[in-house]
Structures are given as C-alpha cells and as structure tokens.
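*Asks:* Here is a sequence together with a model predicted from it:
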Amino acid sequence: MSEPQRYDVCIVGAGLVGLAVGTALVESHPGISLLVLEKEARVAAHQSSHNSGVVHSGLYYRPGSLKARLCAEGRDAVYQWCADAGIGFRRSGKLVVATRRSELPALDELERRGRANGLTGLIRLDGAGIADFEPAATGLAALHVPEAGVADYPALAAHLAARLESTGARVATSRAVTVITHEVAGVAVVAGGERFGARVLVNCAGLHSDRVAAMAGIDTPIRIVPFRGEYYRLAEPAAGLVRALVYPVPDPRFPFLGVHFTRRIDGTVEVGPNAVLALGREHYRGTPRVWSEVRAVVTGRGFRRLALRHWRSGLQELITSRSPRRYARLAQRLVPAITAADLLPGGSGVRAQAVGPDGALIDDFVIEAAGSTIHVLNAPSPGATASPAIGRHVAALVSPWLGRQGR
Ligand SMILES: Cc1cc2nc3c(=O)[nH]c(=O)nc-3n(C[C@H](O)[C@H](O)[C@H](O)COP(=O)(O)OP(=O)(O)OC[C@H]3O[C@@H](n4cnc5c(N)ncnc54)[C@H](O)[C@@H]3O)c2cc1C
C-alpha cells in the first residue's frame, strides 16, 4: 500500500450529519484539510435520502435535551441553507391531532414542551378549528405548528458535498472504512484499499456508527437497532384531501411519531412511516439477503431485551405492515375519507435507533468524544433537521484538537 495521505480531520459517512460537520469545520477553521469517506458510490445514500423530508419544529423533545436545542437551531439553518442555495423547501406548518380523549393529556404535554422549546406560533385548536387548516381532517383537539415544513434533503446533501469540494475538501465515495488505528499524531484509517491519516476522526456512520466506534476501540454499551419505516403514497384524487402535514399524537413510550401524512416538496402526499424491526441495517424491502446481517441484528446486545419489552407493539406493527387495510385504518383516524384503495405502494427507510444494554430505546442524540475520535452514536429523527446544529456542536468538540496541535 502507498504512503498514507494526511488530513487534519477525517469524517466517516457522507450523510447529512457528516456533511454538516464538514461544513461547520471549514467555516470555523478556514484552510483546514478535510477528508470525508463514504462507503457508497454517492453521498446521502441511506437515512438522509430515505426519510419523510420534514423540517421538524422542535415540538416533541424534552426541554433542555440535545434534541430540543439542536432541532430548533438546525431547523432555522435548514430553511436558510435551502433559501441561499435555491433548494426546494416550504414552511407549510403542521397539525398534531388528538382523535381520542385518552390522547388529550399527551397533547397538553406537547403544547407545554413546544412553548418551552420556543415555538411562538403554536395554536391550540378545538375539534371545529381543525378544518381551518385541514378541511378533511377530524379530531377532538389539535396543535397547529407553523414553524414545521418540508425540504429537499437529498438536494441539500448534494449541495453541501459540492460546496465542501469547492473549498478543497475531499469527499471520497466508494471508500468503506474497514480499519481504524490510533497513532501518536492521531488516527490511521484504511478505506477502499487506501490508507489515510488524520489528527481527528469523526464517526458519522449512521446505521453503522456503533461498528465504526468499535473499530476505533470505543467501548460503548450503545448498539444500533434498525427500524424500517414503510410508506404509502396517496393516489389522486385522495391526495387532495391533505394540504400539508397531519400527525397523530405520538405514543410517549416510543421515539417514533406515528403514521402521518406528509405533503412532500414535490407535491406528492405520503402516508407513514410505521416502525418495524428490520432484519438488517440496510434492509429496505423483501426478504433479507445477507444472513450474517440478520444474525448480527437478532443476536445483538440490547435486541433481546428490546424484543421482550416491546414484543406486543412490535407484533402489531408487523401485522399492520402486511395489511394495507389496517394501514388505511390508522390513516382514517386522522382523515376519515381515506380508503385502502387510495394507498399506493411507496418507499421505505431504515432508522438507526440506538438501544441501551437494558433494551431501552435511547431518545436523545448521543455524541461522545474519546481521545482524538468523536462519535455520533444516535442521530435519528429529527437528525436531518438538526444536522446543521449537530455539525456546529461536533465542530466545537473537534476545535481544541486542531488548536492544541498547532493550528
Ligand atoms: C424513515 C425515516 C424517516 C425520517 N424522517 C425524518 C424527517 O422527516 N425529518 C428529519 O429531520 N429526520 C428524519 N429522519 C432522520 C434523518 O433522516 C436522520 O436523522 C439523518 O439522515 C441522519 O443522517 P446521518 O448522516 O447520521 O446518517 P446517514 O444519512 O445514514 O449517513 C451515514 C452514512 O455513513 C455511511 N457509512 C456507514 N458506514 C461506513 C463506513 N464504514 N465507511 C464509510 N461510510 C460509512 C453510510 O453509507 C451513510 O451514507 C428520518 C429517518 C428515517 C429512516
């Protein structure tokens, strides 16, 4: 192998988080030498291009949590970045609708959290007020959140990668990182048969972030469990029943938001996603083909305890996933005129959800620094919205290393 090419910072993973970390670093340290290594042939091939495309407002998250802070900060930056670069976005607003009396306390809590998280435009609606925003939706009460919207995240990722390259950074695709070793001057990395050296390594590997952390010798109890989200698309004329974003009140036991309606940036209306345990980290549909992946998921630390805790709801999700009729019933709770015949097959995405050793789903973002390596170990939704702020947060952790070593 040839002599390693040396950089100040090496980022593993060119999803929105890795690209936003790179963007924050070149802004805070002009002239920095930066390498982004991506295993796929293109950037943003996984979560960053397989999501709902929603710019989240910050409504749901526990005040004071990383998610609450970074979502609010990231939301404004996503809108600004899209506006500056001519990328599609729409601040369309969203409704969170309580359809059962039992959901009203959780709706109250969302309102309290939203106000604590600085959402100034929140409006509480009674059942009759829902029609002012979404004439086809019904419920007992709702919150309208004007700060929420949609954006073209794949286009944003492509733009960030191109902008990084224009500043002299290298974004190397088809370079899967397979070895990380520690050296006096930082880290040595092998990716796609090439060797690289860097003072600092930032792990933004999404669905593989725990594996990349293990490669770097980090002993974290956190494991990634993949949760697939499956979508349907509304056929015409049913798509006309939804103006913007219509969500249920989420089940507070899970970090997922429940099957909802999203009028995307291209005007199509999606229904979903559900949350089904995936039998592989990149298992988007059909029967899993890589059996070592299946074994790795089901024998993984945390998985069995997770399955024991949540087997009942997991089973229900699986049954719904197989039945468009059941899926339609979930959708009808919010928009009663929808029928199973209106649901066309849509895409899917796989969430990188971190699970603790006790099987508990970890709600907040987790970012850990260990020596000259920094690891983004849990960045599920609203990770796309929060990515600019996660980028700045991580860049601040990298900064002392660059300063300390003579930059
Ligand atoms: C179904 C679904 C719906 C969602 N909806 C929303 C939403 O509406 N709004 C929102 O804000 N968020 C949403 N999210 C969450 C959001 O998409 C993610 O939080 C965000 O994309 C995470 O970005 P990332 O860069 O961490 O991960 P990714 O985009 O997955 O990028 C990680 C990258 O690392 C690469 N990689 C992995 N291992 C290696 C290796 N060994 N060497 C080199 N490269 C490697 C991968 O190929 C990948 O490109 C959703 C997610 C899903 C799955």
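*Replies:* Looks like it arrived, so ask away.
*Asks:* from the stretch 251-400 of the chain, which residue is nearest to the ligand?
*Replies:* Scanning the stretch 251-400 of the chain for the residue nearest the ligand gives G383, at 2.0 Å (criterion: CB to the nearest ligand atom). Every C-beta, even on glycine, is put in place using the N, C-alpha and C of the backbone.
*Asks:* count of residues packed around that residue?
*Replies:* For G383, the count of nearby residues is 27 (other CB atoms under 10 Å).
*Asks:* List the residues that contact it.
*Replies:* Contact criterion CB atoms under 8 Å, 6 or more residues apart in numbering gives L16, V17, Q47, F365, I390 as the residues in contact with G383.
*Asks:* Can you tell me which of these is nearest P226?
*Replies:* Among the contacts of G383, Q47 lies closest to P226 (CB to CB), at 10.2 Å.
*Asks:* any idea how far the closest one is from G346?
*Replies:* Distance, Q47 to G346, by CB to CB, to the nearest Å: 16 Å.
*Asks:* Compare these two and say which is more crowded by neighbours.
*Replies:* For the pair Q47 and G346, the greater number of neighbours falls to Q47 (23 against 16), based on other CB under 10 Å.
*Asks:* OK, contacts around the more buried one?
*Replies:* Taking CB under 8 Å, 6+ apart as the contact definition, Q47 lies against G15, G206, L207, G349, V350, R351, A352, G383, A384.
*Asks:* ok, now E282?
*Replies:* Applying CB under 8 Å, 6+ apart, the residues contacting E282 are H46, L207, P226, E293, V350.
*Asks:* Please, which helix or strand holds it?
*Replies:* Counting by DSSP states H and E, there is no helix or strand that carries E282.
*Asks:* Restricting to the contacts of E282, which residues neighbour the ligand?
*Replies:* Filtering the contacts of E282 for proximity to the ligand by CB under 6 Å from any ligand atom leaves H46, L207, V350.
*Asks:* Number of residues surrounding the last one?
*Replies:* This means V350. As a measure of burial, V350 has 22 neighbours, counting by other CB under 10 Å.
*Asks:* how close does it sit to T178?
*Replies:* Using CB to CB, one gets 21 Å for the distance from V350 to T178.
*Asks:* before we move on, what about the first one?
*Replies:* As for H46, its distance to T178 is 18 Å (criterion: CB to CB).
*Asks:* Across the sheet, point out what pairs with the nearest residue to L234 once chain neighbours are set aside.
*Replies:* If the residues on either side of it in the chain are set aside, L234 comes closest to V269, at 4.2 Å by CB to CB, 6 or more residues apart in numbering. Each beta-bridge partner of V269 is listed here: R263, as defined by DSSP bridges.
*Asks:* got a list of what R351 touches?
*Replies:* Taking CB under 8 Å, 6+ apart, one finds Q47, P226, F227, R228, G229, F256, A275, P380, S381 in contact with R351.
*Asks:* tell me the least confident of the residues you listed?
*Replies:* Among those, F256 has the lowest pLDDT, at 81.
*Asks:* Count the neighbours of that residue for me.
*Replies:* Residues lying near F256 (other CB under 10 Å) number 19.
*Asks:* all helices for the chain, in order.
*Replies:* Under the criterion DSSP state H, the chain contains helices at 16-28, 66-85, 104-116, 130-133, 153-166, 209-215, 291-298, 303-322, 324-334, 383-404.
*Asks:* does any part of the first one sit near the ligand?
*Replies:* Yes. Helix 16-28 reaches the ligand (CB under 6 Å from any ligand atom) through L16, V17, G18.
*Asks:* Select, out of the helices of the chain, the one closest to S92.
*Replies:* Taking CB to CB, helix 130-133 is the member of the helices of the chain nearest to S92, at 10.2 Å.
*Asks:* Which strands or helices does the closest one pack on?
*Replies:* Under the contact criterion of 3 or more CB pairs under 8 Å, 6 or more residues apart in numbering; DSSP states H and E, helix 130-133 touches strand 94-98, strand 141-145.
*Asks:* what does it rub up against?
*Replies:* Taking CB under 8 Å, 6+ apart as the rule, helix 130-133 contacts G93, L95, V97, L125, A137, T138, G139, A142, H144, R243, A244.
*Asks:* Now pLDDT and neighbour count too, for those residues, in CSV please.
*Replies:* Below are these laid out as CSV (pLDDT from 0 to 100; neighbours: other CB atoms under 10 Å):
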residue, pLDDT, neighbour count
G93, 98, 19
L95, 98, 27
V97, 98, 28
L125, 98, 18
A137, 98, 22
T138, 98, 18
G139, 98, 25
A142, 98, 28
H144, 98, 21
R243, 98, 17
A244, 98, 20
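*Asks:* ok, how many other residues are close to I218?
*Replies:* I218, neighbours per other CB under 10 Å, totals 18.
*Asks:* Please name the nearest non-neighbouring residue to it.
*Replies:* Nearest non-adjacent residue to I218, counting by CB to CB, 6+ apart: A370, 5.2 Å away.
*Asks:* about what we covered before: between the residues of helix 16-28 next to the ligand, which is closest to R263?
*Replies:* With CB to CB as the yardstick, the closest approach to R263 among those comes from L16, at 21.2 Å.
*Asks:* hang on, isn't that closest one packed against P382?
*Replies:* No. Checked against CB atoms under 8 Å, the pair L16 and P382 is beyond contact range at 11.1 Å.
*Asks:* Who has more neighbours out of those two?
*Replies:* For L16 and P382, the more surrounded residue by other CB under 10 Å is L16, and the numbers stand at 33 against 27.
*Asks:* give the contact list for that one.
*Replies:* Residues in contact with L16, defined by CB under 8 Å, 6+ apart, are A44, S48, Y153, L156, A157, L160, G383, A384, S387.
*Asks:* The second one and the ligand: what is the separation?
*Replies:* For S48, the distance to the ligand equals 3 Å [CB to the nearest ligand atom, to the nearest Å].
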